[in-house]
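Novice: I'd like to go over a predicted model; first the sequence, then the structure.
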Amino acid sequence: MKRLLLLLPLLLATLCRAQDEPKTAEEILRIVRLSYALQDHKMNGRLRDDATGRTEPMTLTMEDRVMRFLFTNSPKEIVHLDLNTEPATLYQVRSGGSAQVQGNQYSASVRGMAFNYEDLSLRFLYWPRPQLMGEGRVSAQKCWIVRVTNPGRDGPYYVVDIWVHKGSGGAAKMEAYDRNSKVVKRYQVTKVQTVEKATVLKELKVETINPASGAVEGRTYMTLDNPEKK
């Protein structure tokens, strides 16, 4: 399989080319989930708040189906996503110990940025009964559009639309809606780089949207350096 490494806000993923074109929304999401599990890299980078310019250095490691986000500024924090469970399990590690992130914590901001713990948990990739809504383009690239609906009441998102790159099977864009069908979050891969014949994330833009006005309330960029093979 040809791998194309991209990271989501939501979400962060190594993209894989499917041998046969998937026919259903569930098959498409299965490829996206698999792309996370195949990663084995270490990347240094930073989060940057667009309004203030404040940055948060971070290190992302991906090994043994576990993704770890290490934040070194005080207070130090590790957020790790265990992809060995289904759905994936999100943990937060601070000086007081480790704890699983619970449903009432998903809306909380990560490091004061536009990211929240729902974005890092990737829960929406496991929501049941996804729908294939059609096709579209992101940066001139053909994509499937898959819609998933939250089966519960927890978390900030009710419906999430995911643009999945047809050539690689990776998610290139996401829009999340609240229970009033208003957009509240949007992210998109904006820059990539080529490393050893693989296309790797360079920059991801994440925006928090005011559901009443549709205006952007917060914008965070995730920038990553070249990956290091672990």
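Specialist: Cool, got the structure.
Novice: I'd say Arg54 and Arg111 touch.
Specialist: No: with contacts counted by CB atoms under 8 Å, Arg54 stays clear of Arg111, the gap being 9.3 Å. The C-beta positions use only the backbone N, C-alpha and C, and glycine is treated the same way.
Novice: could you say which helix or strand contains the nearest residue to Pro57 once chain neighbours are set aside?
Specialist: Sequence neighbours aside, Arg46 is the residue nearest to Pro57 in space, at 5.2 Å (criterion: CB to CB, 6 or more residues apart in numbering). Secondary structure from DSSP states H and E places Arg46 in strand 41-49.
Novice: can you get me a residue count around Asp49?
Specialist: Residues lying near Asp49 (other CB atoms under 10 Å) number 17.
Novice: swap that for Ser35, please
Specialist: Neighbours of Ser35 under the rule other CB under 10 Å: 25.
Novice: please apply the same query to Pro211.
Specialist: For Pro211, using other CB under 10 Å, the count is 15.
Novice: if we can go back for a sec, which one of Arg54 and Arg111 has more residues nearby?
Specialist: A count of neighbours by other CB under 10 Å puts Arg111 above the other of Arg54 and Arg111, at 18 against 14.
Novice: distance of that one from Glu26?
Specialist: Remark: distance between Arg111 and Glu26 (CB to CB, to the nearest Å) = 33 Å.
Novice: quick one: low-confidence parts of the chain?
Specialist: Scanning the chain for pLDDT under 70 picks out 1-20, 36-40, 192, 194-200, 229-230.
Novice: in it, which helix is the longest?
Specialist: helix 25-37 (DSSP state H).
Novice: and that helix, how far from the chain's centre?
Specialist: Distance, stretch centre to chain centre, for helix 25-37: 13 Å (CA atoms, centre = their mean, to the nearest Å).
Novice: mind listing what's buried in that helix?
Specialist: Neighbour counts over helix 25-37 (16 or more other CB atoms under 10 Å) mark 25, 27-37 as buried.
Novice: what's the answer for stretch 120-129, then?
Specialist: In terms of neighbour count (16+ other CB under 10 Å), stretch 120-129 has its buried residues at 120-127.
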